[in-house]
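Engineer: Here is my input, please return the structure:
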Amino acid sequence: MVETGNFKFRAQKYFSKMKSTSEYFEITPSNYFMIVEIFDVPFCFIVVVTQILFVTFYSFTCRNIQIALSYLRNQIYKASSPEGLQKSIAVHEKILREMSIFDKHFSFSAFLSVLLTMTIIFRSSYKLAFQKDLLQNLKLNMIASIIFYSSLQLTLMISASLTNEAVEETRYVLQESLKKYRICVFEKLALKDEMEDKKLTLWNICVVSRSLIISSIGTLLNYGILLGTLGK
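Structural biologist: Residues are numbered from 1 along each chain as shown. All right, here's what the predicted structure looks like:
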């Protein structure tokens, strides 16, 4: 009888705890969303600041590479002997080596940055175009978000594209100058490794170019129209 009474008391205590727990969970949804909103603001702030800092650093580095290559092209034009051209080739090799290291360390970050911006642009554009019940303030926020992340994406991709074009232009100028001294330069200088195709990429998947920029914009439009049509 004592054991039965103890068991009954434990059962009543257990079910009372279950009841209090269920009542607790009935209250938590509103608190949960409040907590999500509280942490959502600093998270978004961190993402935005990180994006701005990375894109600024990436574009600044690309600009420095472009300036160095522009200066190198001027030196190649001024070279009047194989020795002077040899110095320019050594500088060219060093610039490409540094650019290759930069791409190795930051191509994945650039890929993630472009992927994140395209995702946010697509999400905001889709809601703005196909959801008719949006509040005016929310529409303005989405428009601002589209403009902001589009500018980040274009800044990063245009900087990398211009850098790759500068590399290609410098390569062409160097090859034209080598024709003047083809006998001694081509035999004495090992240019095969230096002349390899070294360009800025997105995670080594694709080289950043103007056509890639246009393709990314076209992809957003095509998938937006497709999903909008299927949604209807």
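Engineer: From here on, just use CA atoms for contacts and neighbour counts.
Structural biologist: OK.
Engineer: residue ranges with poor pLDDT in this protein?
Structural biologist: 1-40, 182-197, 231-232 (pLDDT under 70).
Engineer: hmm, try it at 80
Structural biologist: The model of the chain has pLDDT under 80 over residues 1-41, 43, 80, 82, 179-197, 227-232.
Engineer: ranges for the strands of it?
Structural biologist: 201-202, 206-207 (DSSP state E).
Engineer: the helices in the protein, which residues?
Structural biologist: With DSSP state H applied, the chain shows helices at 2-78, 82-130, 136-178, 182-188, 210-231, listed in chain order.
Engineer: out of these, nearest to L202?
Structural biologist: Ranking the helices of the chain by distance to L202, with C-alpha to C-alpha as the measure, places helix 82-130 first at 4.8 Å.
Engineer: tell me what the closest one is packed against?
Structural biologist: Judged by 3 or more C-alpha pairs under 8 Å, 6 or more residues apart in numbering; DSSP states H and E, helix 82-130 is in contact with helix 2-78, helix 136-178, helix 182-188, strand 201-202, helix 210-231.
Engineer: Report the buried residues of stretch 77-96.
Structural biologist: Residues 79, 82, 85-86, 88-89, 92-93, 95-96 are the ones in stretch 77-96 that count as buried (16 or more other C-alpha atoms under 10 Å).
Engineer: Dump those to a markdown table, plus distance to M142.
Structural biologist: Conversion of those to a markdown table gives the following (distance: C-alpha to C-alpha, whole Å):
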| residue | distance to M142 |
| --- | --- |
| A79 | 54 |
| P82 | 58 |
| L85 | 54 |
| Q86 | 54 |
| S88 | 50 |
| I89 | 49 |
| H92 | 45 |
| E93 | 45 |
| I95 | 41 |
| L96 | 40 |
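Engineer: which pair in the residues you listed spans the largest distance?
Structural biologist: Longest distance between any two of the buried residues of stretch 77-96 is 20.7 Å, between P82 and L96; criterion C-alpha to C-alpha.
Engineer: out of the strands of the chain, deepest packed?
Structural biologist: Looking across the strands of the chain with neighbours counted as mean count of other C-alpha atoms under 10 Å, the highest average goes to strand 201-202: a mean of 22.
Engineer: Just list what that strand packs against, helices and strands only.
Structural biologist: Strand 201-202 makes packing contacts with helix 82-130 when contacts are defined by 3+ C-alpha pairs under 8 Å, 6+ apart.
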